[in-house]
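Enquirer: Quick one, fold the following:
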Amino acid sequence: MEYTVIIRKAPDGFYIASCPLIPEARAQGENYDDCMSNIKEVLTLCLEYRKELGEEIPKEIDTKKVTIAI
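Expert: Prediction:
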C-alpha cells in the first residue's frame, strides 16, 4: 500500500513526517532518510493495530497539489 506523507523541517533541524490519511502516524528524524525510515515503521505499526482492532484500513484515491496565491 502507498500513503502520502508530508515532511517538513523543524526549526531545530529535525525532519518531521505525518500522514494525512492516518493522523496518528507521526515520526521524526535527524535527517531526511531517518525520518522516512521512521514514518514507514510507524505507518506499519498503525495499520497492523487498526487491523487487529478490526478497524478500516484507509486507501488513498488520489493526491493533488494546489497552488494558492497570497
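
Enquirer: dump the residue contacts of the most centrally placed residue in the chain.
Expert: For the chain, the residue nearest the mean C-alpha position is Cys19 (2.8 Å; Cα atoms, centre = their mean). Counting by Cβ atoms under 8 Å, 6 or more residues apart in numbering, Cys19 touches 3-6, 25-26, 39, 43. For glycine as for every other residue, the C-beta is placed from the backbone atoms N, C-alpha and C.

Enquirer: now do Leu21
Expert: Applying Cβ under 8 Å, 6+ apart, the residues near Leu21 are 3-4, 58, 60.

Enquirer: Which among these count as buried?
Expert: Tyr3 (16 or more other Cβ atoms under 10 Å).

Enquirer: beta partners of Ala27?
Expert: Ala17 (DSSP bridges).

Enquirer: right, and it touches Leu45 too?
Expert: No - contact criterion Cβ atoms under 8 Å: Ala27 and Leu45 do not qualify, at 10.3 Å.

Enquirer: Mind checking which of those two has more residues around it?
Expert: The neighbour count for Ala27 versus Leu45, taken as other Cβ atoms under 10 Å, is higher for Ala27 (21 against 12).

Enquirer: Tell me the confidence at Gly36?
Expert: Let me fix one detail, which is that residue 36 is Met and not Gly. For Met36, the pLDDT comes out at 98.

Enquirer: Can you name every helix or strand that the helix or strand where it lies contacts?
Expert: Following DSSP states H and E, one finds Met36 within helix 32-53. Where contact means 3 or more Cβ pairs under 8 Å, 6 or more residues apart in numbering; DSSP states H and E, helix 32-53 is packed against strand 6-9, strand 15-18, strand 26-29.

Enquirer: buried residues in that helix?
Expert: 35-36, 38-39, 42-43, 46-47.

Enquirer: Kindly report the same for stretch 3-12.
Expert: For stretch 3-12, by 16+ other Cβ under 10 Å, it's 3, 5.
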